[in-house]
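Chemist: This is a predicted model, with the sequence first.
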Amino acid sequence: MGYRDLRTFVQDLEARGKLYRYQDEINKETELIPFYRVQMRGLPDQERKVFLFENVAGASRKEYDMSVLAGCYGASETILGLALGCETYPEMLERWCEAVARPIPPVLVKSGPVQEEVHSGKEIQELGLDEFPVPVEEPGFSGMIRTGLPMITKDPVTGVRNVGTYNGFFRARDRIACGIAPMRAAMAYHWQAARKRSEPLPLAIVIGCSPGVMLTSSAEIPYGMDEIAIGGALDGHAVEMVPCKTIPLEVPAHAEAVIEGFLSTEVMEPRLPFGEYPGYLNAEMNLIPVMRVTAVTHRKNAMFTPVIVGFPPSDTNVVWGFAHSGLLYQHLTRDCRLPVEEVYFPQIGGAANFCLVRVKEGVPQETVKEILNQAGMQEGGRAKYTVVVDSDINLRDPELLVWVLSFRTQPSEDIIVVEQGGTGGLDPSAAPSGSGRGKTSSTRGRGQYSRVLINATRKWPYPPVALPRKEYMEKALELWRRRGDLPAPHMAEPWHGYELGYWPPELQAYADLIAQGDYLKVGEETAKLQEKVR
């Protein structure tokens, strides 16, 4: 049902043929991520694999003791489904709702594999972060190397824990610039509370956690809910937590590695260009707080787990898209009890700016409007475009989206533009790059940021989809496969015709006669319907 640690998941992936061991030497600065990107831009979802780079070298070090495990969280939706023990996306969404409804609290243990090796004090100054084979993500453009992994903090007053997936930019063996957004819990609550006390904030970066913990740390879970507990429910068991060595926090005992330290409440420094989820470089020089590293702990033969961002498809967009989909699906089906079958944030929309909702069959228009309103305006959803479609539409087929927008909408009645206010965040259409230290502080923005709500459902019965009925297409597929010298077809939905509400019996009778080869009989019937021209 789930995995206790990443290594168990890797073993299962290899048994399923979903792991590729790359054993030749590979350069982490110039070769590793470009090689991994080949499959992300060149193979369909179901054919992608997780890559284990076992012989990593770089410009500063000829070789590393650690390997690099790329794609273990988000190489594809197929792999993400395997991590959750699910076969379909709707099943994954239901699994999410169950985990949120019945979290499994973590348990504290005295020791764990993540602390098989402990480095602190002088070792941090001599080696520290250089122990990690962190790859360059966009060689020729990236101005940094980073971790995009769970960071754990606690409120110094209340003790409330938060786990969020944020960027950590390596700057020295003992220094990381932490790209934690100012509105996130770690900054809005914990960092501010520590700042009022004139104290640095203890922070732990977790490398190679279980799939469930990675997913929940990537979601905007309401503040106060324990992401570790929800992650444990996704994994199917309580997460074992072990006390850190140099800071007052607990971390997953079976993770691959942990970076411990203190986040300054006094010093910030600018980040440099790196690929972000919209598919463009983030070239803003935002000021972000600095972490002083106090310890590095890890398992023997640890695996570093990069989580790639940049142009979709990417690891981040797979994980973040599911997190957004799970949260909204939970809101619509559980909180609002609305008849929704699936929610999907396509990767090409940054897994955030484009939201698709598929409703159940026969939903009345008043209910569709309520679904659209709830989906488009829910706090935290932030989708620029929200489109609600009928139950017969595959949310992963962009051609079907063009189809429904073309023939199931009237723009004057079915498209609503909502002036939201605020800014566009990392959306480069909101303001020119370099116009401020981040889009949120831009002085040349385009004013009000808006959302578009689209009702792309059928408003009344439609005639059938113009393809042969299912039984005829099934027979055709059988004939095709018998040939043996034709390529295997990958049928896209819809691959057969089906009724959509308007199909009178007399029209079916004509169709039956035509299929039987009796067009003359049809002609006799239509002759009875002739009228003189007036």
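Modeler: Thanks, I have the structure now. Numbers count the residues shown, from 1 in each chain.

Chemist: Look at the closest residue to Y280 other than its chain neighbours and tell me its secondary structure.
Modeler: Of all residues not flanking Y280 in the chain, P428 sits nearest, at 5.3 Å (Cβ to Cβ, 6 or more residues apart in numbering). Bear in mind the C-beta positions are built from the backbone N, C-alpha and C, glycine included. Following DSSP: H, G, I helix; E, B strand; the rest coil, P428 is assigned to coil.

Chemist: and S111, what pLDDT?
Modeler: Per-residue confidence (pLDDT) for S111: 95.

Chemist: Tell me how many other residues crowd the residue nearest to Y280.
Modeler: The tally of other residues near P428 (other Cβ atoms under 10 Å) stands at 16.

Chemist: Please apply the same query to the one 5 residues further on.
Modeler: S433 has 14 neighbouring residues, counting by other Cβ under 10 Å.

Chemist: mind listing what it touches?
Modeler: A283, E284 (Cβ atoms under 8 Å, 6 or more residues apart in numbering).

Chemist: For the stretch 351-500 of the chain, just list every one of the helices.
Modeler: For the stretch 351-500 of the chain, the helices defined by DSSP state H, counting those that start in this stretch occupy 365-377, 398-407, 411-414, 470-483.

Chemist: Touching the second one from outside, list them.
Modeler: Translated: helix 398-407. Contacts for helix 398-407 (Cβ under 8 Å, 6+ apart): P346, L356, V387, V389, D390, I393, N394, I454, A456, T457, A492, E493.

Chemist: of the residues you listed, buried ones?
Modeler: P346, L356, V387, V389, D390, I393, N394, I454, A456, T457 (16 or more other Cβ atoms under 10 Å).

Chemist: out of those residues, who's nearest Q125?
Modeler: P346 (45.7 Å; Cβ to Cβ).

Chemist: contacting residues for the closest one?
Modeler: Contacts of P346 by Cβ under 8 Å, 6+ apart are G321, F354, L356, L395, R396, P398.

Chemist: Scan those residues and report the most crowded one.
Modeler: That'd be G321 among the contacts of P346, by other Cβ under 10 Å, with 29 neighbours.

Chemist: Distance of it relative to Q330?
Modeler: In this view, G321 and Q330 are 15 Å apart by Cβ to Cβ, to the nearest Å.

Chemist: same deal with K49?
Modeler: K49 is 30 Å from Q330, by Cβ to Cβ.

Chemist: And for P487?
Modeler: Distance from P487 to Q330, by Cβ to Cβ: 41 Å.

Chemist: what about these two, which has more around it?
Modeler: Neighbour count, other Cβ under 10 Å: between P487 and Q330, Q330 has more, with 21 against 6.

Chemist: Where does the residue lying closest to the more buried one once chain neighbours are set aside sit: helix, strand or coil?
Modeler: Nearest in space to Q330, with sequence neighbours left out and distances taken as Cβ to Cβ, 6+ apart, is C97 at 4.9 Å. Assigned state for C97: helix (three-state reduction, three-state DSSP).

Chemist: Since that was my last question, I'll sign off now.
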